[in-house]
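1. have a look at this fold, sequence not included:
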């Protein structure tokens, strides 16, 4: 049962990486779709007619950089679950993969409100003086993500340290 779940998680992670990468490239090619999605997702009083193509491409690049953090996290998580499926459980390699995943999860959770704030600035650059926006949003969703990532980080540190101790103990015997 654990093997099947590990294989499923591995494929879900790898599929998500592929879908988000191809989706990001598609949104670059069809920037109008990206514009439409951004207008739907940002619930801000932006004067959309003042946003030029340079701002949209900059927002795309900024958003893809933000998403890349999560994709790298999924990559390390998939590597750990691939090893789990092959019967390698809590060795130093898997513990390190889980630690990298938790660090990247924490980084993305922290960067989420920063991404929103900087996006609001970028989209309102062409507004008249006094009407530029800086919107800061920190919801319970981001706080839960940060707390969960910190818990994973602590647990993965414990796993790394225990794998290192186990390796040292085996050298003495």
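-> Now that the structure is in, tell me what you want to look at. Because the structure is predicted, anything quoted here is derived from the model rather than measured.
2. for the rest of this, base every contact and every neighbour count on C-alpha atoms.
-> Noted.
3. what are the buried residues along stretch 7-22?
-> 7, 8, 9, 10, 13, 14, 17, 21 (16 or more other C-alpha atoms under 10 Å).
4. kindly apply the preceding question to stretch 99-115 instead.
-> 99-110, 112-115.
5. going by distance to residue 158, which of those wins?
-> Ranked by distance to residue 158 (C-alpha to C-alpha), the buried residues of stretch 99-115 are led by residue 99 at 9.4 Å.
6. show the contacting residues for the closest one.
-> 152, 153, 156, 157, 160 (C-alpha atoms under 8 Å, 6 or more residues apart in numbering).
7. make it 10 Å
-> With contact taken as C-alpha atoms under 10 Å, 6 or more residues apart in numbering, residue 99 is in contact with 73, 76-77, 93, 105, 152-160.
8. tell me how far residue 22 lies from residue 35.
-> The gap separating residue 22 from residue 35 is 17 Å, by C-alpha to C-alpha, to the nearest Å.
9. residue 121 now?
-> In this structure, residue 121 and residue 35 are 16 Å apart, going by C-alpha to C-alpha.
10. returning to what we had before: among the buried residues of stretch 99-115, which ones are in strands?
-> With DSSP state E as the criterion, strands contain none of the buried residues of stretch 99-115.
11. among those residues, which one sits closest to residue 28?
-> Distances from residue 28 to the buried residues of stretch 99-115, taken as C-alpha to C-alpha, are shortest for residue 115 (18.4 Å).
12. about what we covered before: write a PyMOL command that selects only the buried members of the contacts of residue 99.
-> In PyMOL, this line selects whichever of the contacts of residue 99 come out buried by 16+ other C-alpha under 10 Å:
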select buried, resi 73+76+77+93+105+152+153+155+156+157+159+160
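13. could I get the contacts of residue 99 in CSV, plus columns for pLDDT?
-> Converted to CSV, those look like this (pLDDT from 0 to 100):
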residue, pLDDT
73, 95
76, 96
77, 94
93, 87
105, 93
152, 89
153, 89
154, 92
155, 90
156, 87
157, 86
158, 89
159, 83
160, 82
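14. redo the contacts of residue 99 as JSON lines? Include distance to residue 57 and secondary structure.
-> As requested, these are exported to JSON lines (distance: C-alpha to C-alpha, whole Å; DSSP: H, G, I helix; E, B strand; the rest coil):
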{"residue": "73", "distance to residue 57": "25", "secondary structure": "helix"}
{"residue": "76", "distance to residue 57": "29", "secondary structure": "helix"}
{"residue": "77", "distance to residue 57": "30", "secondary structure": "helix"}
{"residue": "93", "distance to residue 57": "38", "secondary structure": "helix"}
{"residue": "105", "distance to residue 57": "25", "secondary structure": "helix"}
{"residue": "152", "distance to residue 57": "34", "secondary structure": "helix"}
{"residue": "153", "distance to residue 57": "34", "secondary structure": "helix"}
{"residue": "154", "distance to residue 57": "38", "secondary structure": "helix"}
{"residue": "155", "distance to residue 57": "39", "secondary structure": "helix"}
{"residue": "156", "distance to residue 57": "37", "secondary structure": "helix"}
{"residue": "157", "distance to residue 57": "38", "secondary structure": "helix"}
{"residue": "158", "distance to residue 57": "42", "secondary structure": "helix"}
{"residue": "159", "distance to residue 57": "41", "secondary structure": "helix"}
{"residue": "160", "distance to residue 57": "40", "secondary structure": "helix"}
